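Novice: sequence plus predicted model, see below.
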Amino acid sequence: RLTLTEQRIILAAIVEARQSQKGLGRGELTIYAKDFSALFPDVEEGSAYGQLRDAARELFRRQVTIHDIHPESGKPRITEARWISSSSYIPGIGAIQIRIAPEMVPYITRLEENLTRYRLERIAKLSSAHAVRLYELLLQYKEIGSREMGLEWLKETLQIGEGYSGRTAIADFKKRVIDPSVKQINEHTDLSVTYENVKTGRSVTGLLFSISEKKAKPAPAKKKAAKPPKITREYIEKNNLARAGESWDEAFRRLAEEHGQQRLAD
């Protein structure tokens, strides 16, 4: 249940791992307040270090439950791990350092593979933790074009607390969580998203999201250069282009030279 700033620390760590070419699991990653502010425009540089320090402290306390299969026995396995294994603060230079926990490296690497610089720039504009998480869930199914999610599973995945059950509460869940997230995704990312209810009988039990990638806007067509006028006696006389004392031939030679025309047009 990461806050928006905690999610952004993970995204900033991905950026730093790429730029430094350290990789996500190869030691400490340094995140500077000035770089964090540049990556997320709604964060003022003056308050960025404080946000980073406080969020990193909380991120260090966060636990993740991983469900997988025990390779030796083939039985279900439940592992509890942290997002980061260490967190350091350097107030003198306005920076923090974090070390991604080894158990989390494969999962963050999988996220990193899907996040091009283009997408990171757009996620940076999302101001809701739920919008970031929903974007990640939908991005996984971009090629398929749709994703159906059970309502209870979606609430659990978005770490929505108790409540939002029953017809009125479901409408409230969509109004307060889903609709604002979809709006932000449509406004700021490369995805275009709509959704509809999935019902079992009369009860809404899930949401079906339709996902498409926005087409890049075509570059504006270059204006064709204006075709130079054909220099004729009629053109010169009609537009009164001869200078005082110029003969027809003199006016033509001057204008033909200006327009790059080499021979006299009758």
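Specialist: That came through, no problem.

Novice: so how far is Leu4 from Ser128?
Specialist: 7 Å (C-beta to C-beta, to the nearest Å). (C-beta placed from N, C-alpha, C; glycine too.)

Novice: surely Leu29 and Glu16 touch.
Specialist: Yes - counting by C-beta atoms under 8 Å, Leu29 touches Glu16, with 4.7 Å between them.

Novice: find residues that contact each of the two.
Specialist: Lys22 (C-beta atoms under 8 Å, 6 or more residues apart in numbering).

Novice: just the helices in the stretch 101-250 of the chain please.
Specialist: Under the criterion DSSP state H, counting those that start in this stretch, helices of the stretch 101-250 of the chain are mapped to 105-114, 117-123, 129-139, 151-157, 167-173, 179-188, 233-238, 248-258.

Novice: show me what the first one is packed against.
Specialist: Under the contact definition 3 or more C-beta pairs under 8 Å, 6 or more residues apart in numbering; DSSP states H and E, helix 105-114 sits against helix 4-20, helix 129-139.

Novice: which secondary structure elements does the last one sit against?
Specialist: By that I understand helix 129-139. Using 3+ C-beta pairs under 8 Å, 6+ apart, helix 129-139 sits against helix 4-20, helix 105-114, helix 117-123, strand 146-150, helix 179-188, strand 191-200.

Novice: among the ones you listed, where is the model least confident on average?
Specialist: The weakest mean pLDDT among the helices and strands packed on helix 129-139 belongs to helix 117-123, with a mean of 74.

Novice: in that one, what counts as buried?
Specialist: Under the neighbour-count criterion of 16 or more other C-beta atoms under 10 Å, helix 117-123 has 119-120, 122-123 buried.

Novice: need these in TSV with distance to Tyr107, can you?
Specialist: Converted to TSV, the buried residues of helix 117-123 look like this (distance: C-beta to C-beta, whole Å):
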residue	distance to Tyr107
Arg119	17
Leu120	17
Arg122	21
Ile123	17
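
Novice: farthest pair within those?
Specialist: Leu120 and Arg122 (7.3 Å; C-beta to C-beta).

Novice: mind listing what Arg1 touches?
Specialist: 62, 159.

Novice: neighbours of the residue lying closest to Lys125 once chain neighbours are set aside, just the number please.
Specialist: Nearest residue to Lys125 in three dimensions, chain neighbours excluded: His188, at 4.0 Å (C-beta to C-beta, 6 or more residues apart in numbering). By the criterion of other C-beta atoms under 10 Å, His188 has 17 neighbours.

Novice: hmm, His188 is touching Leu120, no?
Specialist: No - contact criterion C-beta under 8 Å: His188 and Leu120 do not qualify, at 11.8 Å.

Novice: pLDDT weak spots in this protein?
Specialist: 117-118, 161-168, 216-228, 244, 259-266 (pLDDT under 70).

Novice: quick check: which of the helices and strands packed on helix 105-114 is buried the most?
Specialist: Of those, the one with the most neighbours on average (mean count of other C-beta atoms under 10 Å) is helix 129-139, at a mean of 21.

Novice: tell me the spacing between Glu152 and Ile170.
Specialist: 11 Å.

Novice: who has more neighbours out of these two?
Specialist: Ile170 (19 against 13).

Novice: wait, the more buried one sits on Val204?
Specialist: Yes - look at Ile170 against Val204 with C-beta under 8 Å: they come within range, at 5.4 Å.
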